[in-house]
Each structure stands twice: as structure tokens, then as C-alpha cells.
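Novice: I would like to see how this sequence folds:
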Amino acid sequence: MDHALFTQLLEGNRDRIYSHALYCLRDPEDALDVTQDAFVKLWRNHQDIAPGKVSGWLTRVVHNLCIDQIRRRKAQRKNFGWPDPDALDRLPDGGGQNGPEDALHLDQQQRVLLDAMDTLAPETRSVMVMHYFQEMKLQEIAAVLGKTVSALKVQIHRARKTLRLVLTTPCEPDLDVKRETG
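Specialist: The predicted structure is shown next:
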């Protein structure tokens, strides 16, 4: 792959890939790392990717990298007793920049929804981000993830049911919300 083509692919996809990672990870530094890793993988594997499939391939890669990052966070907290950092405090506050981070200047309802989405399994959260935040069609998501549309519909239905339960349950300190699986 020549430098000009790679630059074109980078410029055409970086905001979408970074936004996906930022919505899933809710940490700008981690999202930047995942985005960079995805483009390094593109550079290394470009010969195996059909030219028209680069966008879908990158979405799949960032999806998997986000899941891996979330699992590493959980393992670190579990194995090393690290506290769960409040990701909302690390969200950008705008700063007058024009980019994907500006889209995350969240109002209270969006914060509540993102907190509720943290109860979903990482893969399910990623599917919800692709479908509702990035407005990808189910057929596109199915192609990217190698799933059937009907399996995605079931996954989204269950996720919405879980979110509805989480959003309508009053928060109590001793209430342990069961995490959605699958």
C-alpha cells in the first residue's frame, strides 16, 4: 500500500473509528490508542483486505480492540484492586475543538444512557453504538461482525430490555444490577 492511499484511508475513516472507540471506551486516551492500533493493523494487513471492504474491516478491528481493552480494564481492577475510574470525569468538555470529541459534549440524559450502557456486555455495547450512535444498518453490522441479522435483532432486543430495566430501576447503594450477558 502506498503512502498516499493509506493517508486517504486514514483521513476518510479516522473520525468514525475514533468516535466508535470513544463511545465504547469513554476514555479519550484509550480511544486514541485503539484507533492507532486499528490503523497499524490496516497498514500491516492491507494486502489481505479487499479495497472496497476497508471501512467494514476497520470497524470490526476497532470493535474487537475495544472489547479487548474493556476486558483488560476489568482484569486489572480485579487482579490488582485498581478502582474503577469515573470515565465521565475524563470526557472532554469541548474546549472549542472541531472533531469527534465535540460530539461527546453530553447533556444529562445522554450521561444517564451511557452509564446504563455500561451494564451491557462489551460486544453488545459496541453493537448498540454502531446501530444507534453511528446509524449503521443491521446488514452492515452483520457483515462487519460475521453474524446474522436475526441474531443482531435478538441481541439489540435484549440490550434494550436490559437498558429499560436499568433506566427504570431507582438507584440504591446496596442494589447490585446484574450485568447483561451475550
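Novice: Can you tell me which helices and strands the longest helix seen in the chain packs against?
Specialist: Looking across the chain with DSSP state H, the single longest helix is helix 54-80. For helix 54-80, the packing partners by 3 or more C-beta pairs under 8 Å, 6 or more residues apart in numbering; DSSP states H and E come out as helix 3-25, helix 28-45, helix 122-128, helix 138-145. Using the backbone N, CA and C atoms, a C-beta is placed for each residue, glycine as well.
Novice: starting at the chain centroid, how far to that helix?
Specialist: When distances are taken as C-alpha atoms, centre = their mean, to the nearest Å, helix 54-80 is centred 9 Å away from the chain's centroid.
Novice: pLDDT below threshold where in the protein?
Specialist: Scanning the chain with the threshold set as pLDDT under 70 gives 1, 75-107, 171-182.
Novice: and it, what are its domains?
Specialist: Using automatic domain parsing, the domain parsing of the chain gives 1-105, 106-182.
Novice: Can you tell me which residue sits nearest the middle of this structure?
Specialist: Cys24 (2.8 Å; C-alpha atoms, centre = their mean).
Novice: I'd guessed it sits against Val127; true?
Specialist: No - taking C-beta atoms under 8 Å as the definition, Cys24 is not a contact partner of Val127, at 10.2 Å.
Novice: could you measure Met130 against Gly56, distance?
Specialist: 11 Å (C-beta to C-beta, to the nearest Å).
Novice: which residues do these two both contact?
Specialist: Glu140, Val144 (C-beta atoms under 8 Å, 6 or more residues apart in numbering).
Novice: Compare those two and say which is more crowded by neighbours.
Specialist: Met130 (23 against 17; other C-beta atoms under 10 Å).
Novice: Quick check: nearest residue in space to the more buried one, chain neighbours excluded?
Specialist: Met136 (4.5 Å; C-beta to C-beta, 6 or more residues apart in numbering).
Novice: Give me the phi and psi for that neighbour.
Specialist: Met136 adopts backbone torsions of phi -80, psi 140, taken as degrees, to the nearest 10.
Novice: count of neighbours near Arg164?
Specialist: 11.
Novice: Fine, thanks again, bye for now.
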